[in-house]
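>>> please work out how this folds:
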Amino acid sequence: MLNITKKIEYALIAIRHMNNSKKLCSSKEISSHYNIPHEIMAKTLQQLSKIGYLHAIKGPHGGYYLDKTINKVKLIDFIENIEGPFGIVQCSTNNKVCDLIELCSIKSPIDKINLNLRNVLSEIKLNDVAS
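Okay, here's the model as predicted:
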């Protein structure tokens, strides 16, 4: 089964929560609301802030809020900014990981599937998921 990672799932949950909240949100608030381990949510929000999807305000009344340009971000870019190159198999993003690449009979069809998935994810804006 093809799944998105927990890291992407938690990042999408956090962005959707903040988009619907319209106020500063803390990692503790989001993690407790969705029953996600606090440490993982805190790291996820820090990474999203470092990438530029969120802004952080420090202090006892601080929290995170969404960057206004988030509505222009393509879902494929979001995924790749968090996890690295998108591919349904490792050889889709790095031919050096497979010793059988020269003899592989499924490389071409897998590449077509991967390209189609990339195209679909490129058509979806992050805001479509967050709204």
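>>> switch to C-alpha atoms for all contacts and neighbour counts from now on
Noted.
>>> for stretch 102-117, the distance to its chain's centre please.
Computed by C-alpha atoms, centre = their mean, to the nearest Å, the chain-centroid distance of stretch 102-117 equals 23 Å.
>>> so where do the strands sit in the protein?
54-57, 63-66 (DSSP state E).
>>> got a list of what the spatially closest residue to K125 that is not a sequence neighbour touches?
Leaving aside its chain neighbours, K125 sits nearest to K74 (4.4 Å; criterion: C-alpha to C-alpha, 6 or more residues apart in numbering). Applying C-alpha atoms under 8 Å, 6 or more residues apart in numbering, we find K74 in contact with 121-126.
>>> top of the residues you listed by neighbour count?
L126 (23 neighbours; other C-alpha atoms under 10 Å).
>>> that one contacts T69, doesn't it?
No: between L126 and T69 there is no contact under C-alpha atoms under 8 Å: 10.2 Å.
>>> contacts for stretch 112-119?
76, 86-88, 92.
>>> so which of these sit within helices?
Counted as lying in helices by DSSP state H, out of those, are I76.
>>> could you dump the contacts of stretch 112-119 to TSV with neighbour count, distance to Y65 and pLDDT?
TSV is the format used below for the contacts of stretch 112-119 (neighbours: other C-alpha atoms under 10 Å; distance: C-alpha to C-alpha, whole Å; pLDDT from 0 to 100):
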residue	neighbour count	distance to Y65	pLDDT
I76	20	22	95
F86	18	27	87
G87	18	30	84
I88	15	32	83
S92	18	34	73
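>>> quick one: G84 from Q90, how far?
Counting by C-alpha to C-alpha, to the nearest Å, the gap from G84 to Q90 is 11 Å.
>>> roughly how far does the residue nearest to K125 sit from I124?
6 Å.
>>> which regions of the chain lie under the pLDDT threshold?
The chain contains residues with pLDDT under 70 at 1, 95.
>>> and for it, the residue most distant from the center?
Largest separation from the mean C-alpha position in the chain: L103, at 33.1 Å (C-alpha atoms, centre = their mean).
>>> rewinding a little: just name the closest of the contacts of stretch 112-119 to K23, please.
Within these, proximity to K23 (C-alpha to C-alpha) peaks at I76, which comes in at 26.7 Å.
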